[in-house]
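[1] With the sequence up front, the predicted model follows.
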There are 2 protein chains.
Amino acid sequence: MTGAAARPYHHGNLAEALVGAALEMAAEGGPDAVVLREVARRVGVSATAAYRHFTGQSDLMEAVKQAAMERLEQHLRHALDRSEPAAGLVALPGVERGSAQERGIRRLEGIGRAYFDFAVSQPGLFRCFCIGMPVPESQGVPVREAAAFGVLTEVLDELVTTGVLTAQRRAAGVDIALWSAVHGLAVLCLDGPLAELPRAEQYGMLTAVTDVVFHGLAGARS
Amino acid sequence: MTGAAARPYHHGNLAEALVGAALEMAAEGGPDAVVLREVARRVGVSATAAYRHFTGQSDLMEAVKQAAMERLEQHLRHALDRSEPAAGLVALPGVERGSAQERGIRRLEGIGRAYFDFAVSQPGLFRCFCIGMPVPESQGVPVREAAAFGVLTEVLDELVTTGVLTAQRRAAGVDIALWSAVHGLAVLCLDGPLAELPRAEQYGMLTAVTDVVFHGLAGARS
DNA sequence: TCTGCTATGTTGACGCCGTCAACTTAGAGT
DNA sequence: ACTCTAAGTTGACGGCGTCAACATAGCAGA
């Protein structure tokens, strides 16, 4: 191995191609649709070829999960860049309009909305890193460092810098509260009691939820 | 059929036995562990016998989901009955100790905790009604009427009666905000970034989350 | 340049899965 | 007693994940 992983022996980055096809299938039909044999078929390769790059289908699935997570992160970062979402949002107590503080809060809200967007527009991918019995051999990668979580962390740290959030509260699980609420709503809207609600009303629920959480964020002592 | 579904022809309520075995397997290994052939094997019956009672494995799965949901409801109701959980909880603004109002809020908190309890103590069952690509033929039963949701509804209505919550806010999606937050946390703790956290710290997160939501509940206008 | 090694990919087989069609059996109703 | 049908069985099909054995291609050292 001379270090050139770009175009190996026969196919040309089979591993990447497999993950690509698998990702496509996951997007179409969720994690259960990632069928090793079919993935190989799409790439134009025999089923067992995959075993040269992955230990098995669960290993391939792990790579898909990872890739889906990266897509999510991209989506969040992109949303963050073209931030400053339109008005019509909740007015927050003690935060003056147009301030850096308000901007930070808007960014936080934007990230929540983007997370939700991803879930409803890419349900197949969303379901990939959502639930699933713990795979014994996947212990190596603690998902705690999940990339998408990093985005949330950054925005929250920003809020601490601009003084919207006390460092104390920041450390007390605000991130988790936020993520929990938005993630939970997403799940409820995909397969739960809210699945059959029209899209617009689902987004209404989203603002209701973030409304509650934001006010709780500002108001809760502890 | 004279109306006695109690002990039919050969086996004696095969359908029930199948769901029972399937539920057991789901509890052990999550929804993916519900393998029709194995279920039949455990009940001591040929695989295709199941087809006299269910249209297929997805239909059986639906029944398992339903049963798991009922377990959850039982769990919640039981927790509600022996309510009044110990103190040490968040003090709420404008609610005097020992009042009916406080009791109602404690019940609400208890229900959230019970929901979380169920998720972490029965992860296999929890995952059953959690996520999964929508099954086309399952349209008949809108999950909106999910039994477990009813329990939450009751407690919230109670809060409106005792005046803790305005009817207006009640209608604005409080239920969803609550369920979202607790459900989201549960998912995060089962497979997400919090999966490897010690149990005690996970419960700490739970109080952090309910803390935020409860204060948001009290404080949010709209 | 030739030789051979190893990474890469293929073939064929195994056992398990969900499902179907065809057959058998056992109770209920006349 | 006869029949009819619900309930359960057998055997088969194709698809799945995976394994062992085989084939090949490109690089390394002679």
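    That came in fine, so what should we check first?
[2] Need phi/psi at residue A:122.
    With angles defined as degrees, to the nearest 10, residue A:122 sits at phi -130, psi 60.
[3] Next, the buried residues of the lowest-mean-pLDDT helix or strand in chain A.
    Each helix and strand of chain A was given a mean pLDDT (mean pLDDT, DSSP states H and E); the minimum falls on helix A:167-169 at a mean of 85. Residues residue A:169 are the ones in helix A:167-169 that count as buried (16 or more other CB atoms under 10 Å in any protein chain shown). For glycine as for every other residue, the C-beta is placed from the backbone atoms N, C-alpha and C.
[4] what angle do the next helix or strand after that helix and helix B:175-191 make?
    Toward the C-terminal end, the helix or strand that comes next after helix A:167-169 (DSSP states H and E) is helix A:175-191. In terms of direction (axes from the mean of the first three to the mean of the last three CA atoms, to 10 degrees), helix A:175-191 departs from helix B:175-191 by 100 degrees.
[5] For helix A:175-191, which helices and strands make contact with it?
    Helices and strands touching helix A:175-191, by 3 or more CB pairs under 8 Å, 6 or more residues apart in numbering or on different chains; DSSP states H and E, are helix A:100-121, helix A:123-128, helix A:147-161, helix A:199-219, helix B:175-191, helix B:199-219.
[6] Compare those helices and give me the one nearest residue B:60.
    Of all the helices and strands packed on helix A:175-191, it is helix A:123-128 that lies closest to residue B:60, at 21.1 Å by CB to CB.
[7] next one: the one helix or strand residue A:22 maps to to chain centre, how far?
    Following DSSP H and E, one finds residue A:22 within helix A:14-29. Counting by CA atoms, centre = their mean, to the nearest Å, helix A:14-29 is centred 18 Å from the centre of its parent chain.
[8] buried ones in that helix?
    In helix A:14-29, counting by 16+ other CB under 10 Å, buried: A:14-15, A:17-27.
[9] close to chain B, is the very next helix or strand once past it?
    Where DSSP H and E defines the elements, the next helix or strand beyond helix A:14-29 is helix A:36-43. No: Helix A:36-43 stays clear of chain B (CB under 8 Å from any CB of the partner chain), getting no nearer than 15.3 Å.
[10] list the contacts for the nearest residue to residue A:46 once chain neighbours are set aside?
    Spatial nearest neighbour of residue A:46, chain neighbours left out: residue A:40 (6.3 Å); criterion: CB to CB, 6 or more residues apart in numbering or on different chains. Neighbouring residues of residue A:40 by CB atoms under 8 Å, 6 or more residues apart in numbering or on different chains: A:18, A:46, A:47, A:48, A:49, A:50.
[11] Of these, keep whichever come out buried.
    A:18, A:50.
[12] Next step: the contacts of residue A:40 restricted to strands.
    If you go by DSSP state E, the contacts of residue A:40 have nothing in strands.
[13] Return the distance of the least confident helix or strand of chain A from the chain's centre.
    Put simply, helix A:167-169 sits 25 Å off its chain's centre (CA atoms, centre = their mean).
[14] Then stretch A:193-202?
    Offset of stretch A:193-202 from its chain centre (CA atoms, centre = their mean): 20 Å.
[15] Next: stretch A:104-123.
    Taking CA atoms, centre = their mean, one finds stretch A:104-123 lying 9 Å from the centre of the chain it belongs to.
[16] Touching the helix holding residue A:22 from outside, list them.
    Residues outside helix A:14-29 that contact it (CB under 8 Å, 6+ apart): A:8, A:11, A:33-35, A:38-40, A:42-43, A:45, A:49-50, A:52-54, A:60-61, A:63-64, A:67-68, A:122, A:124-125, A:128, B:133.
[17] Run through these and flag the ones next to DNA strand C.
    Among the contacts of helix A:14-29, the ones lying near DNA strand C by CB under 7 Å from any atom of the strand are A:8, A:11, A:45, A:49, A:52, A:53.
[18] Give the full set of residues in contact with the spatially most central residue of chain A.
    Geometric centre of chain A, nearest residue: residue A:72, 4.2 Å, by CA atoms, centre = their mean. Neighbouring residues of residue A:72 by CB under 8 Å, 6+ apart: A:115, A:118, A:125, A:126, A:129, A:147, A:148.
[19] Of all the helix elements in chain A, which one is longest?
    helix A:57-81 (DSSP state H).
[20] what's residue A:179 in contact with, if anything?
    Contacts for residue A:179 (CB under 8 Å, 6+ apart) come out as A:149, A:152, B:184, B:188, B:193.
[21] Surely residue A:184 is in contact with residue B:184?
    Yes: using CB atoms under 8 Å, residue A:184 is in contact with residue B:184, at 2.7 Å.
[22] low-confidence ranges in chain A?
    A:1-9, A:83-94, A:132-146, A:219-222 (pLDDT under 70).
[23] one step back: if we go by neighbour counts, what in the longest helix of chain A is buried?
    So for helix A:57-81, counting by 16+ other CB under 10 Å, buried means A:57, A:59-69, A:71-73, A:75-77, A:79-80.
[24] what is the orientation angle of it with helix A:14-29?
    Calculated by the same axes, to 10 degrees, helix A:57-81 forms an angle of 70 degrees with helix A:14-29.
[25] that older thread, what about the helix holding residue A:22, near DNA strand D?
    No: figure legend: helix A:14-29 not in contact with DNA strand D (CB under 7 Å from any atom of the strand); closest approach 9.9 Å.
[26] could you give the angle of that helix to helix A:36-43?
    In terms of direction (the same axes, to 10 degrees), helix A:14-29 departs from helix A:36-43 by 110 degrees.
[27] do helix A:14-29 and DNA strand C meet at all?
    Yes: contact check for helix A:14-29 against DNA strand C, using CB under 7 Å from any atom of the strand: residues in range are residue A:14.
[28] Convert that helix to PDB, retaining C-alpha atoms only.
    Taking C-alpha atoms only, helix A:14-29 is exported to PDB below (Å, rounded to 0.1, in the frame of the first residue of the first chain):
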ATOM      1  CA  LEU A  14     -15.600  -0.300  -4.000                       C
ATOM      2  CA  ALA A  15     -16.200   0.600  -0.300                       C
ATOM      3  CA  GLU A  16     -17.200   4.100  -1.200                       C
ATOM      4  CA  ALA A  17     -19.500   2.900  -4.000                       C
ATOM      5  CA  LEU A  18     -21.100   0.400  -1.700                       C
ATOM      6  CA  VAL A  19     -21.800   2.900   1.000                       C
ATOM      7  CA  GLY A  20     -23.200   5.300  -1.700                       C
ATOM      8  CA  ALA A  21     -25.600   2.800  -3.000                       C
ATOM      9  CA  ALA A  22     -26.600   1.700   0.500                       C
ATOM     10  CA  LEU A  23     -27.200   5.200   1.500                       C
ATOM     11  CA  GLU A  24     -29.500   5.700  -1.600                       C
ATOM     12  CA  MET A  25     -31.400   2.600  -0.600                       C
ATOM     13  CA  ALA A  26     -31.600   3.700   3.000                       C
ATOM     14  CA  ALA A  27     -33.000   7.100   1.900                       C
ATOM     15  CA  GLU A  28     -35.700   5.300  -0.200                       C
ATOM     16  CA  GLY A  29     -36.800   2.700   2.300                       C
END
